[in-house]
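Visitor: no FASTA, just this:
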C-alpha cells in the first residue's frame, strides 16, 4: 500500500523524506505556507498513544512553523476481512475525531484487496495514480462499490483511497456538468482542510442505510459533498 500512496503523493508534487516512523511528504501550497503529510503503516489502530512521538519526529525532520498546524497523519491500516465493520468504524472515528497534534485519517485495507488492486494495475501497465483516476469514474466499478460499500474489493479500496487522499484529481468530462462540483470540493480541501470534507462525507453518506446508498446516483453523491454556501474568495 505504501508504494501506491507514495506514487499518488509524488505525482502531485510532494517531496518525500523517509523517517523511521514513516514517510513525510511536504508540498509548497503557497510561498508562505507548506502542507505536510506523515504516512505510516500499521497492523493495528493503536495510534493515539504514539502520536506525540510521530509529531516530534516531524518537527525534528523539518524546521517550519507550519508543521504545528498544517500536518496530517495518514494511517495505512492493514486489517483482516473477518473484522466487524461496525467495530472498525468506531475505532476509526475515535482516531479521526481526536483533535490533538495531527489531522488524522485512517485508510484501511485487507491484504487480499490490495493484492487484487496491484494485479489490476499491473495488468494494464498503468501507474497507480493514473489507474485510480481512470477507474474511480468507471460506472461498473462504482456499481460494484455501491452494491455493498463495506465489502473488501479492489473497487472499494480505490474509493477509500480517494476519500482519504482527497486531492486526487477526478477526471470527469466537462460536458457532464460534474466538474464544477469537484473543483468546489478541491477549494474546500485547500482552503479549509481535509477535516471538513471528511466530516461532510461522514454526515452526508455514511448515515445512509445500505438500501438508500444502493439507490443513490453518482450525481446525487457529488451534490451531497458540495457546500451549501459559496466559499469566501477573499
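Guide: Cool, the structure landed. The structure displayed is predicted, hence computed values, not measured ones. Numbers count the residues shown, from 1 in each chain.

Visitor: Any regions of this structure where pLDDT drops low?
Guide: Applying pLDDT under 70 to the chain flags residues 29-33, 171-234.

Visitor: Can you tell me which residue is spatially central in it?
Guide: Centroid-nearest residue in the chain, with C-alpha atoms, centre = their mean: residue 164, separated by 1.2 Å.

Visitor: Report the contact partners of that one.
Guide: Shown in contact with residue 164 (C-beta atoms under 8 Å, 6 or more residues apart in numbering): 74, 105, 106, 107. To be clear about C-beta, it is placed using only N, CA and C from the backbone, and glycine gets the same treatment.

Visitor: any idea which element the third one lies in?
Guide: What that stands for is residue 106. Using DSSP states H and E, residue 106 falls within strand 103-109.

Visitor: State the helix or strand in which residue 73 lies.
Guide: Using DSSP H and E, residue 73 sits in strand 71-78.

Visitor: Just give the nearest non-adjacent residue to residue 111, would you?
Guide: Leaving out its chain neighbours, the residue that sits closest to residue 111 by C-beta to C-beta, 6 or more residues apart in numbering is residue 78, at 6.5 Å.

Visitor: doesn't residue 134 make contact with residue 121?
Guide: No - Residue 121 is not in contact with residue 134 according to C-beta atoms under 8 Å; the separation is 10.7 Å.

Visitor: More neighbours: which of the two?
Guide: Neighbour totals were compared for residue 121 and residue 134, and residue 121 leads with 21 against 14 (other C-beta atoms under 10 Å).

Visitor: If the residue nearest to residue 70 when sequence neighbours are not counted is in a bridge, with which residues?
Guide: Leaving out its chain neighbours, the residue that sits closest to residue 70 by C-beta to C-beta, 6+ apart is residue 35, at 5.3 Å. Note on residue 35: beta-bridge partners by DSSP bridges are residue 27.

Visitor: check contacts around residue 35.
Guide: 26, 27, 29, 66, 70, 72.

Visitor: how far away is it from residue 135?
Guide: Look at residue 35 and residue 135: by C-beta to C-beta, to the nearest Å, they are 26 Å apart.

Visitor: Repeat that for residue 77.
Guide: Distance, residue 77 to residue 135, using C-beta to C-beta: 22 Å.

Visitor: Start and end of stretch 3-23, how far apart?
Guide: In stretch 3-23, first residue to last residue: 11 Å (C-alpha to C-alpha, to the nearest Å).

Visitor: Equivalent analysis for stretch 119-128, please.
Guide: End-to-end distance for stretch 119-128, by C-alpha to C-alpha: 11 Å.

Visitor: likewise stretch 125-143?
Guide: End-to-end span of stretch 125-143 (C-alpha to C-alpha): 24 Å.

Visitor: for the protein, what spans make up the strands?
Guide: Here the chain has its strands, by DSSP state E, at 15-18, 23-30, 33-42, 71-78, 103-109.

Visitor: want to try CSV for the contacts of residue 164, with distance to residue 84 and neighbour count as columns?
Guide: Formatted as CSV, the contacts of residue 164 follow (distance: C-beta to C-beta, whole Å; neighbours: other C-beta atoms under 10 Å):
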residue, distance to residue 84, neighbour count
74, 23, 24
105, 21, 21
106, 16, 23
107, 19, 18
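
Visitor: Out of those residues, flag the one nearest to residue 88.
Guide: residue 106 (9.0 Å; C-beta to C-beta).

Visitor: Test my guess that that closest one contacts residue 92.
Guide: Yes - assessed by C-beta under 8 Å, residue 106 is found in contact with residue 92 at 4.5 Å.
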